[in-house]
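K.L.:
How does the following fold in three dimensions:
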Amino acid sequence: MYRFKNISIDFLSMLGLAVGVAAILLGQYLEGGQISTLINGPAALIVLGGTLGAVMVQTPIRMFLHAMAMMIWVFFPPRLHNKETIEKIVSWSQRARREGLLGLENIEDDALDAFTEKGLQLLVDGSTPENIRNILDLEINNRERYELSCARVFESMGGYSPTIGIIGAVLGLIQVMGNLTDPSRLGDGIAVAFVATIYGVGAANLVFLPIANKLKTYIHHYVYHRELVLEGIVSIAEGENPRNVETRLLSFVH
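P.N.:
The predicted structure follows:
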């Protein structure tokens, strides 16, 4: 999917999820309830299975699989090294100034992604700066729309899971109503009813919606990085002085 130099660990996401779950469990304990009452297999099956099924119905398979693959970014986000990228682009600019654009034809760098390789190829082919900008802009915009659509898969899950939780609650109440003559079986039905609602609302607000928003953040970071690459390649095509190229690109570094 992407090639990054390395992967970092997002401890804040891990801590946030742990804090959210711990707060709910601690609150249950402080209110005098038993934590074990929040563990209910049928309720989890109804909410998670129903939510997953609904999303699979509405989402094309390629987009669904891509969204599941992107989910790892929440805890192991890709690292985009803008400063190192600027150094590379400036070195390319110096090389192009010495040897001409054809001097960029034999650049070998395993860390380059397909987008950067495409930009370099356009340079070597002698495309005009305007043409390079139009082509790369189009790719950036199309890729961003696709990635955001994948992130919205988790937004949809956050919308479906509370409703599926209500379905679980209704199923539990149906079980309760069907066993009014047998008090020993009322407890299980009531547990499923209320725990399913907790699972649905909790999954939406602690897992699915935060995942969607975190993925959107990283998608915007990736778009920002590509825009940096685009500006660098266009600057080289325009014959900018390497020092001016560096000055322009440093505006992307926060």
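K.L.:
Every contact and neighbour count from this point should use C-alpha atoms.
P.N.:
Will do.
K.L.:
Over the host helix or strand of residue 86, what's the mean pLDDT, rounded is fine.
P.N.:
If you go by DSSP states H and E, residue 86 is part of helix 82-99. Here helix 82-99 scores 90 as its mean pLDDT.
K.L.:
Which SSE is immediately downstream of that helix?
P.N.:
helix 114-124.
K.L.:
which residues are in contact with that following helix?
P.N.:
Here helix 114-124 makes contact (CA atoms under 8 Å, 6 or more residues apart in numbering) with 101-102, 104-105, 132, 136, 226, 229-230, 233, 237.
K.L.:
For the helix holding residue 86, which outside residues touch it?
P.N.:
Contact with helix 82-99 is made by 102-104, 225, 228-229, 232-233, 236, 239-243, 245-246, 249-250, 252-253, as judged by CA under 8 Å, 6+ apart.
K.L.:
ok, now which ones touch the most centrally placed residue in the chain?
P.N.:
For the chain, the residue nearest the mean C-alpha position is residue 215 (2.5 Å; CA atoms, centre = their mean). Going by CA under 8 Å, 6+ apart, residue 215 touches 70-71, 73-74, 151.
K.L.:
could you redo the last one with a cut-off of 10 Å?
P.N.:
Each residue near residue 215 by CA atoms under 10 Å, 6 or more residues apart in numbering is listed here: 67, 70-74, 77, 147-148, 150-152, 154, 209, 221.
K.L.:
Looking at those residues, which are in helices?
P.N.:
67, 70, 147-148, 150-152, 154, 209, 221 (DSSP state H).
K.L.:
Using CSV, list the CA coordinates for stretch 206-215.
P.N.:
This file holds the C-alpha atoms of stretch 206-215, laid out as CSV (Å, rounded to 0.1, in the frame of the first residue of the first chain):
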residue,chain,number,x,y,z
LEU,A,206,-14.6,4.6,22.1
VAL,A,207,-13.6,2.6,19.0
PHE,A,208,-15.2,3.2,15.6
LEU,A,209,-15.6,7.0,15.5
PRO,A,210,-12.2,7.7,17.1
ILE,A,211,-10.6,5.3,14.6
ALA,A,212,-12.3,7.2,11.7
ASN,A,213,-11.1,10.6,12.9
LYS,A,214,-7.5,9.3,13.6
LEU,A,215,-7.3,7.9,10.1
